[in-house]
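Visitor: Please find the sequence and the predicted model below.
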Amino acid sequence: MGILQFGKRIDRRTVAGPLTGFVQGYSVEVMPRTASKIDDFATLLPAGTRIYIAHLDGTPIEDMVATAARLRAEGFEPMPHFPARSIPDAATLADWIARYQGEADVRQGLILGGGIPHPRGAFHCSMQLLETGLFDNAGFSALHVAGHPEGSRDIDPDGSDRLVLEALRWKQAFSERTDAEMAIVTQFAFEAAPVIAWADRLRAEGIALPIRIGVAGPAKLQTLVKFAVACGVGPSLKVLQRRARDVSKLVLPFTPDEFLTDLATAAAKRPDFPIEGVHFFPLGGIKTSADWLAGHGLAPAQAS
């Protein structure tokens, strides 16, 4: 069975290229409402895949926990977001953790500030959540934090990365005090060279946390531009802008082939390559991303 990519019919069995090894072991992100549209994730993703569950402000915790439980039952590793500014107090955080563990055996979490400008209560940043000790007390095996290869105006309004780096240094130090494995998971980007330069700079600054780079899954160009602007993607947005000026490509889906091939090529040349994994944002739909991955030899075992 083939998939349609750039207007050509491609055989899934023959297209595995240099990026396949680099992407192996990828993770993917869903929301409860998008997950509910998938009949069975096992037909789309390899068993055991880590699936982050985005917690948008206003999403009921019941929906989050139910999604985590469903993914666990289907053979995946759920990793829900814990957005600091949406959590009113430590009692609520403890309740969420208990519900996730009791109903979905959740042992991993992405700890982040959250997408709203003002806190609902006691917490305004991920560091405050980590400092509660509640994740360690619950025996979480993995605690991931956010990374911003192109900066974050929410954190550094002046356009620098001073506060972002301060926060990452704190999290590096925290990683040495917790038994959980920590890693940085980044916003998606579209150009490899600046991402590699950013990762190298973190290493030079003494921040040695593993880095999983964010990748936008295949989608219409207009969709990617919309999400990129909304999420504050910086200089690499010019990759999409160049594509938009080519009328012949406007109707074709934009895929991450070039971005990932550039990263994979750099990784093959450097034993000290600082990027250790890939995290997909399926902006064009989960099935679209799964089909693209299958086209690169990364289909679930029963679908290959």
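Guide: Perfect, thanks for sending it. Numbers count the residues shown, from 1 in each chain.

Visitor: low-scoring stretches of this protein, by residue?
Guide: For the chain, the stretches with pLDDT under 70 are 1-17, 151-160, 225, 227-252, 302-304.

Visitor: so where's the longest strand in the chain?
Guide: strand 181-189 (DSSP state E).

Visitor: to the chain's geometric centre, what's the distance from the very next helix or strand once past that strand?
Guide: For strand 181-189, the following helix or strand on the C-terminal side (DSSP states H and E) is helix 192-204. Averaged C-alpha coordinates place helix 192-204 at 17 Å from its chain's average position (Cα atoms, centre = their mean, to the nearest Å).

Visitor: coming back round to it: and the longest strand of the chain, what's buried?
Guide: Within strand 181-189, the residues that count as buried by 16 or more other Cβ atoms under 10 Å are 182-189. Yep, even glycine has a C-beta here, placed from its N, CA and C like the rest.

Visitor: In the sheet, which strands lie alongside it, parallel or antiparallel?
Guide: Using DSSP bridges, strand 181-189 pairs in its sheet with strand 142-147 (parallel), strand 211-216 (parallel).

Visitor: got the CA positions of the last one in CSV?
Guide: Provided in CSV are the C-alpha atoms of strand 211-216 (Å, rounded to 0.1, in the frame of the first residue of the first chain):
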residue,chain,number,x,y,z
ILE,A,211,17.1,17.2,23.7
ARG,A,212,14.1,15.9,21.7
ILE,A,213,13.5,18.3,18.8
GLY,A,214,10.0,19.3,17.9
VAL,A,215,9.0,18.5,14.3
ALA,A,216,5.8,19.7,12.5
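
Visitor: what's the angle between that strand and helix 192-204?
Guide: Counting by axes from the mean of the first three to the mean of the last three Cα atoms, to 10 degrees, strand 211-216 lies at 160 degrees to helix 192-204.
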